[in-house]
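# For reference, the sequence and a predicted model appear below.
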Amino acid sequence: MKAPIKVAVTGAAGQIGYSLLPRIASGSVFGPDQPVELRLIEIPNALKPLEGVVMELNDCSFPLLSNIVATADLDEGFSGANWALLVGSVPRKAGMERKDLLGINGKIFISQGAAIAKNAASDVRVVVVGNPCNTNCLIAMNNGRDVPSDRWFAMTRLDENRAKSQLATKAGVHSTAVSNVAIWGNHSSTLYPDFENAKINGKPVTSVITDTQWLENDFIKSVQLRGAAIIEARGLSSAKSAAHGVVDTVRSIIEPTAAGDFHSVALCSDGSYGIEAGLITSFPVRSNGSKLEIVQGLPLSDFSKGKIEATVNELKQEREMVKELIPA
Ligand code: NAX
């Protein structure tokens, strides 16, 4: 039997946590022969509901779940973690400006970034889900600089999956027929789902879906505003699909990408495609199972370039709003 992987999850008593934890414990993320230890981190006020989550996880008797630690102490929670899935954050409340939200959540990610650098395993990889996830990740990475910058990620895989579903529905095919969907930029209403490089059954999307008006307007908006549409219909924000996005994100980092395909994740820009180095930006990526790289050389039309510039500009504005949270 392999040694357990230690997976720290913040916001573990929240709704994404509720959908995500059984997926990790059952082997959907790290495989059917990989034991896992869950290190669940919450704020003190949520330790009681977290106790209930732990009871339910125990009641599942998952064969791969070797141990559960539930804590509000960051040092304890991140101790020895091989993966840190940062889901917890404070939701935006009525009357709150984006700057206020960035400031409140930004502070959370200062201490979490530092605690990861201090306590986690030397191979730790971090996925930030809590919004605004790109900028939260930027703050955590810059406050946890002992962890190399290529280990920090923010989730845009849910946006990729949403885009695939929209394209598949329009083309009348199953979503598995859709590949090469790059999400560029920020996980926000400015994100750009790149239909120009996407494929359906191996053919360019633009040769299968010839309704350019739809692609350039309705499609992009439907992906950008999908989170709001879910809230309107369900009265709650996406949780099951978000948890599935986390599963897909981790798997697409640790498993080799299918030949010719790519996935999307936000990571520390190295200057590719002219995007300022150091910004946590969503790119098309490929993995060989141990190393992740940004896919180079995708053709970008002026339309795509304009959309990418807009979303990257928003990331720069967010960085400016939290500049006092980023050490020089
Ligand atoms: P919930 O409000 O259900 O749960 C959040 C949990 O985080 C709560 O239990 C809360 O106690 C905990 N928490 C707050 N501050 C914490 C801290 N400092 N340390 C540890 N835990 C803390 O939200 P949920 O629906 O689970 O969503 C979690 C986050 O994911 C939100 O920020 C949400 O906006 C974000 N999302 C990100 C997505 C993405 O694609 N990147 C999509 C889904 C989701 O909207």
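In hand now; what should we look at? What you see is a predicted model, and the numbers here were worked out from it, not measured in a lab. Numbers count the residues shown, from 1 in each chain.
# Next, Y192: phi, psi?
Y192 adopts backbone torsions of phi -120, psi 110, taken as degrees, to the nearest 10.
# what about it, how many neighbours?
26 (other Cβ atoms under 10 Å). For the C-beta atoms, the positions are set from N, CA and C on the backbone; glycine is no exception.
# near the ligand, anything from stretch 126-146?
Yes: Stretch 126-146 lies within reach of the ligand by Cβ under 6 Å from any ligand atom, at 129-131, 133.
# And that stretch, what's buried?
126-144 (16 or more other Cβ atoms under 10 Å).
# Keeping just the C-alphas, turn it into CSV.
Provided in CSV are the C-alpha atoms of stretch 126-146 (Å, rounded to 0.1, in the frame of the first residue of the first chain):
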residue,chain,number,x,y,z
VAL,A,126,-1.7,24.8,-4.3
VAL,A,127,-5.0,25.3,-6.1
VAL,A,128,-7.0,28.4,-5.1
VAL,A,129,-10.7,28.2,-5.7
GLY,A,130,-12.0,30.9,-3.3
ASN,A,131,-12.8,34.1,-5.1
PRO,A,132,-11.4,36.3,-6.5
CYS,A,133,-9.2,33.3,-7.1
ASN,A,134,-6.5,34.7,-9.4
THR,A,135,-5.7,37.6,-7.1
ASN,A,136,-6.1,35.5,-4.0
CYS,A,137,-3.5,33.1,-5.5
LEU,A,138,-1.2,36.0,-6.4
ILE,A,139,-1.3,37.2,-2.8
ALA,A,140,-0.7,33.7,-1.3
MET,A,141,2.1,33.0,-3.8
ASN,A,142,3.9,36.3,-2.9
ASN,A,143,3.5,35.6,0.8
GLY,A,144,4.7,32.1,0.5
ARG,A,145,7.8,32.6,-1.7
ASP,A,146,9.7,29.6,-0.3
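# What strand or helix carries S282?
Element membership for S282 (DSSP states H and E) is strand 280-287.
# Could you confirm whether that strand reaches the ligand?
No: Strand 280-287 stays clear of the ligand (Cβ under 6 Å from any ligand atom), getting no nearer than 10.1 Å.
# and that strand, what does it pack onto?
helix 133-142, strand 152-154, strand 182-184, helix 240-254, strand 263-268, strand 292-294, helix 302-321 (3 or more Cβ pairs under 8 Å, 6 or more residues apart in numbering; DSSP states H and E).
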